[in-house]
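Peer 1: Quick one, structure for this:
(chains A and B)
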There are 2 protein chains.
Amino acid sequence: MYKISKEYLCQSIQKSFMSKLVIVGTVAFDAIETPFGKTDKILGGAATYIGLAASQFHVDGAIVSVVGGDFPQEYLNMLRTKGMNLSGLEIVEDGKTFFWSGKYRNDMNTRDTLITDLNVLADFNPRVPEEYQDAEVVMLGNLHPAVQLSVIDQMKNPKLVVLDSMNFWMENTLDELLEVIAKVDVVAINDEEARQLAGEFSLVKAAQKIMAMGPKYVVIKKGEHGALLFGNDDVFYAPAMPLREVFDPTGAGDTFAGGFTGYLAKTGNFSFENMKNAVITGSALASFCVEKFGPERLLSLSRAEVRQRLLQFKSLTQFEIKLT
Amino acid sequence: MYKISKEYLCQSIQKSFMSKLVIVGTVAFDAIETPFGKTDKILGGAATYIGLAASQFHVDGAIVSVVGGDFPQEYLNMLRTKGMNLSGLEIVEDGKTFFWSGKYRNDMNTRDTLITDLNVLADFNPRVPEEYQDAEVVMLGNLHPAVQLSVIDQMKNPKLVVLDSMNFWMENTLDELLEVIAKVDVVAINDEEARQLAGEFSLVKAAQKIMAMGPKYVVIKKGEHGALLFGNDDVFYAPAMPLREVFDPTGAGDTFAGGFTGYLAKTGNFSFENMKNAVITGSALASFCVEKFGPERLLSLSRAEVRQRLLQFKSLTQFEIKLT
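Peer 2: Numbers count the residues shown, from 1 in each chain, chains lettered A, B, ... in the order given. Okay, here's the model as predicted:
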């Protein structure tokens, strides 16, 4: 008879009551320069930010990604302590981890990419661990559409698939991207990408055109101007929290996606009304992300702080007008 | 004994129960070109838009401005039927009305000024009619700070003075502008102007610096991205209504100011909580203004339509998140 530790048993029982969330995206090194300073290679990548944000909701999350033999064990341990299952994180021992380097201009809204070393990401062949193929929620971070498609094909019957993408894939792999878009429930991209994908300047028209491609909902991220949620004829506007200082915007969009999908996986309610809450939650988490370099602020974030920030979003947006 | 008509008596009695609103600003001709078409000289000017928006609230408004002998009687009649008192609107018979001509670029967010003919505005000496010198609310539209100061000096004891301005006055008459700012209760300007005035990129810091100059509240207008309201440590975010089409943005900022001050004059409550409603009301009226050329849409606007739009703002922004 096997001996099973009490801790392992408790964790297993807890997990059996949680929604599962599959997160696909980069796990990377970033080197960032902003007007406030610069970093050496630090932990980065879309899946990292998504996972750290989603971990606030104690969902049973799995990261599907790839890193090289140079990726530190301490980062892996940290992601595991945040509740992320890493059995779908391939480690190519003789390869190097994806590396991105960028510099923000003074307005913090535009940045120049200095280095993009794909490294092990060039041959990434995603594998969803068998025990996560029945996950309810899938977050497809910005990657080659063929990778995103492969993940969808490995899932058994997901209830909600959310897609991020970027202009690079629209310009170079549009057919494959449209194939993915037709299979997802939510497209969550930024305003310029939505305009490019739809060929419409009006975000209302752009969202309607994207919904006509298949998805039931469209989330348009507008950075410091917040995010718009569209579904059928419904629309909802979540502001960004006005901040005294934006220290480093890196990862804010992915943190938004992680808060959004983490909240939805936790609540299991995919109605438009609950999507509103998910968008607000994503905005709240993103507002923390930009307070420090890289994912640093997310690592120290407490539930009480998130709760407090959600209260601030309430007072930021709620009003009681008498209609006469 | 004088004969007084029943209509005149009724109107006088009604007006005696209303808050008075003094509106200072241009009454002008505009020629506008957008990607959707162009107009000849049509009715324009800040005070026109402010007055038309405020007229939705049946306040007792007076326009303080100047026009030339070329200004059509039908425009004057129209403003009067909207409830605007024009005894402070000077008509310089041998002068020409202020004329502005501009062309919007394809993104509708930037415009090039083609012509600015000050005409009678060059020697404008504002006169607040005696019966409006006790008005509760004053809206100082974008004009030379010396003109704005003269109006403040003519008022007896206004409860709320709201100021609009622009970069031109910051660059050319800063000392006078700062003198006006020190005497007003609310500064309502757009984001780039707020940054320039405060010398701060962060809108939170900019608002705090402007409040330190005297005003109790600062409203920062962000065009298609909505408006921010600041007061002490409070902040409120009113989105702009996402629209399928923006036909002509001319006057949207002034319409916002008219909805804002009209609502405040009607309710007489200048708390931060009620300012929130005023900002939402301003945003709602501005969302109509951009639907047609110039002030056309405001002229046909019904109370039922405004009420309906305010309900849309509610569903656009309100959410019910459970905080656990």
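
Peer 1: those helices in chain A, which residues are they?
Peer 2: Remark: helices assigned in chain A by DSSP state H are A:6-16, A:46-54, A:73-81, A:145-154, A:167-172, A:174-181, A:191-198, A:203-211, A:252-267, A:272-289, A:296-299, A:303-317.

Peer 1: Give the buried residues for the second one.
Peer 2: Right, helix A:46-54. When burial is assessed from 16 or more other Cβ atoms under 10 Å in any protein chain shown, helix A:46-54 yields the following buried residues: A:46-54. C-beta coordinates here come from the backbone N, C-alpha and C atoms, glycine included.

Peer 1: Format these as JSON lines; extra columns: pLDDT and distance to chain B.
Peer 2: As requested, the buried residues of helix A:46-54 are exported to JSON lines (pLDDT from 0 to 100; distance: Cβ to the nearest Cβ, whole Å):
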{"residue": "A:Ala46", "pLDDT": "98", "distance to chain B": "25"}
{"residue": "A:Ala47", "pLDDT": "98", "distance to chain B": "26"}
{"residue": "A:Thr48", "pLDDT": "98", "distance to chain B": "25"}
{"residue": "A:Tyr49", "pLDDT": "98", "distance to chain B": "22"}
{"residue": "A:Ile50", "pLDDT": "98", "distance to chain B": "20"}
{"residue": "A:Gly51", "pLDDT": "98", "distance to chain B": "21"}
{"residue": "A:Leu52", "pLDDT": "98", "distance to chain B": "20"}
{"residue": "A:Ala53", "pLDDT": "98", "distance to chain B": "16"}
{"residue": "A:Ala54", "pLDDT": "97", "distance to chain B": "16"}
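
Peer 1: and whichever residue of the stretch 51-200 of chain A sits closest to chain B, what does it touch?
Peer 2: Distances from the stretch 51-200 of chain A to chain B, computed as Cβ to the nearest Cβ, single out A:Asp107 as the nearest residue at 6.8 Å. Taking Cβ atoms under 8 Å, 6 or more residues apart in numbering or on different chains as the criterion, A:Asp107 is in contact with B:Phe201.

Peer 1: what's the most buried one of the helices of chain A?
Peer 2: When the helices of chain A are scored by mean count of other Cβ atoms under 10 Å in any protein chain shown, the highest mean neighbour count falls to helix A:46-54 (a mean of 30).

Peer 1: ok now that one, how far from the chain's centre?
Peer 2: Centre-to-centre, helix A:46-54 and its host chain are 6 Å apart (Cα atoms, centre = their mean, to the nearest Å).

Peer 1: Can you tell me what sits against it?
Peer 2: A:21, A:23-28, A:61, A:63-65, A:79, A:82, A:84, A:139, A:141-143, A:164, A:251, A:254-259, A:261-262, A:265, A:282, A:285, A:289, A:295, A:298-299.

Peer 1: That one vs helix A:252-267, what angle?
Peer 2: Here the directions of helix A:46-54 and helix A:252-267 differ by 50 degrees (axes from the mean of the first three to the mean of the last three Cα atoms, to 10 degrees).

Peer 1: now helix A:46-54 against helix A:303-317, angle please.
Peer 2: 90 degrees.

Peer 1: Could you export helix A:46-54 as PDB, CA atoms only?
Peer 2: What follows is helix A:46-54 as a C-alpha-only set of coordinates in PDB (Å, rounded to 0.1, in the frame of the first residue of the first chain):
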ATOM      1  CA  ALA A  46       2.400  36.100 -21.400                       C
ATOM      2  CA  ALA A  47       1.700  32.700 -19.700                       C
ATOM      3  CA  THR A  48       3.600  33.900 -16.600                       C
ATOM      4  CA  TYR A  49       1.500  37.100 -16.200                       C
ATOM      5  CA  ILE A  50      -1.700  35.200 -17.000                       C
ATOM      6  CA  GLY A  51      -0.900  32.500 -14.500                       C
ATOM      7  CA  LEU A  52       0.100  34.900 -11.700                       C
ATOM      8  CA  ALA A  53      -3.100  36.900 -12.200                       C
ATOM      9  CA  ALA A  54      -5.300  33.800 -12.300                       C
END
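
Peer 1: Residue numbers of the stretch 151-300 of chain A in contact with chain B?
Peer 2: With Cβ under 8 Å from any Cβ of the partner chain as the criterion, the stretch 151-300 of chain A meets chain B at residues A:201-205, A:222, A:225-226, A:228, A:234-237, A:239, A:242-246, A:273, A:276-277, A:280-281.

Peer 1: ok, the nearest residue to A:Leu121 once chain neighbours are set aside - how many residues close by?
Peer 2: Of all residues beyond its chain neighbours, the one nearest A:Leu121 is A:Phe98 (4.4 Å), with distances taken as Cβ to Cβ, 6 or more residues apart in numbering or on different chains. The number of residues packed near A:Phe98 is 25, by other Cβ atoms under 10 Å in any protein chain shown.

Peer 1: And for A:Tyr104?
Peer 2: Using other Cβ under 10 Å: A:Tyr104 sits among 19 other residues.

Peer 1: Pull the contacting residues for it.
Peer 2: A:32-35, A:110-111, A:248-249.

Peer 1: partners of it in the sheet?
Peer 2: A:Tyr104 forms beta bridges with A:Arg111, as assigned by DSSP bridges.

Peer 1: Where in chain A is the helix or strand with the lowest mean pLDDT?
Peer 2: The least trusted helix or strand in chain A, going by mean pLDDT, DSSP states H and E, turns out to be helix A:6-16, with a mean of 60.

Peer 1: how close does the closest residue in space to A:Asn109 that isn't next to it in sequence sit to A:Glu192?
Peer 2: Computed as Cβ to Cβ, 6+ apart, the closest residue to A:Asn109 that is not its neighbour in sequence is A:Gly223, at 6.4 Å. Here the distance between A:Gly223 and A:Glu192 works out to 10 Å (Cβ to Cβ, to the nearest Å).

Peer 1: likewise A:Gly61?
Peer 2: Using Cβ to Cβ, A:Gly61 is found at 29 Å from A:Glu192.

Peer 1: cool, and A:Thr250?
Peer 2: Applying Cβ to Cβ, one obtains 17 Å for the distance of A:Thr250 from A:Glu192.

Peer 1: same thing with A:Asp254?
Peer 2: Relative to A:Glu192, A:Asp254 is positioned 17 Å away (criterion: Cβ to Cβ).

Peer 1: and the longest strand for chain A?
Peer 2: Across chain A, the longest stretch assigned as strand under DSSP state E is strand A:60-68.

Peer 1: partner strands of it, parallel or antiparallel?
Peer 2: strand A:20-24 (parallel), strand A:84-85 (parallel), strand A:89-92 (parallel).

Peer 1: With mean neighbour count and mean pLDDT added, can I get those in a markdown table?
Peer 2: Shown next, in a markdown table, are the strands paired with strand A:60-68 (neighbours: other Cβ atoms under 10 Å in any protein chain shown; pLDDT from 0 to 100):
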| stretch | mean neighbour count | mean pLDDT |
| --- | --- | --- |
| strand A:20-24 | 29 | 98 |
| strand A:84-85 | 24 | 98 |
| strand A:89-92 | 18 | 98 |
